[in-house]
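Asks: When you get a sec, could you give me coordinates for this:
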Amino acid sequence: MSFLGGQIDERFLMHRLRATSLASIVGVALTMGFFIYHWIHDHVWKWELFSIGLTMAAVKQGLMAYYRLKD
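Replies: Residues are numbered from 1 along each chain as shown. This is a model prediction of the structure:
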């Protein structure tokens with residue numbers, strides 16, 4: 001990102017970190033919400049939604065543990 005030069009600082013990186021973390025949490029909640037909706041309303045188990053939500057949650061928790069051990 002040499003074309004941005006000194007415009008990227010620690011505040012930008014922290015905002016990007018928070019936004020990415022919040023986006024993953026919202027993604028998991030929305031995916032699992034759709035899974036539960038289809039289960040309750042349509043009486044159909046949408047396993048692709050469950051697997052996406054579970055994978056997103058597992059990756060987030062795994063990366064949090066990895067970074068905690070490395071710091």
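Asks: Let me know the secondary structure of Val44.
Replies: Of the three states, Val44 takes coil under DSSP: H, G, I helix; E, B strand; the rest coil.
Asks: cool, and Phe50?
Replies: Note that with three-state DSSP, the state of Phe50 is helix.
Asks: ok, and the closest non-adjacent residue to it?
Replies: Phe35 (5.0 Å; CB to CB, 6 or more residues apart in numbering). Backbone N, C-alpha and C define where each C-beta goes, glycine included.
Asks: Would you map the helices across the protein?
Replies: Here the chain has its helices, by DSSP state H, at 10-41, 47-70.
Asks: then the shortest one to CSV, C-alphas only?
Replies: These are the backbone C-alpha positions of helix 47-70, laid out as CSV (Å, rounded to 0.1, in the frame of the first residue of the first chain):
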residue,chain,number,x,y,z
TRP,A,47,-27.4,-28.4,6.9
GLU,A,48,-25.5,-26.1,4.6
LEU,A,49,-26.5,-23.1,6.8
PHE,A,50,-25.5,-25.0,9.9
SER,A,51,-22.2,-26.0,8.5
ILE,A,52,-21.4,-22.5,7.3
GLY,A,53,-22.3,-21.0,10.7
LEU,A,54,-20.3,-23.7,12.6
THR,A,55,-17.3,-23.2,10.3
MET,A,56,-17.3,-19.5,10.7
ALA,A,57,-17.5,-19.8,14.5
ALA,A,58,-14.8,-22.4,14.7
VAL,A,59,-12.4,-20.4,12.6
LYS,A,60,-13.0,-17.3,14.6
GLN,A,61,-12.5,-19.1,17.9
GLY,A,62,-9.4,-21.0,16.6
LEU,A,63,-7.8,-17.8,15.4
MET,A,64,-8.5,-16.1,18.7
ALA,A,65,-6.8,-18.9,20.5
TYR,A,66,-3.9,-19.0,18.1
TYR,A,67,-3.3,-15.2,18.5
ARG,A,68,-3.7,-15.4,22.3
LEU,A,69,-1.0,-18.1,22.5
LYS,A,70,1.4,-16.3,20.1
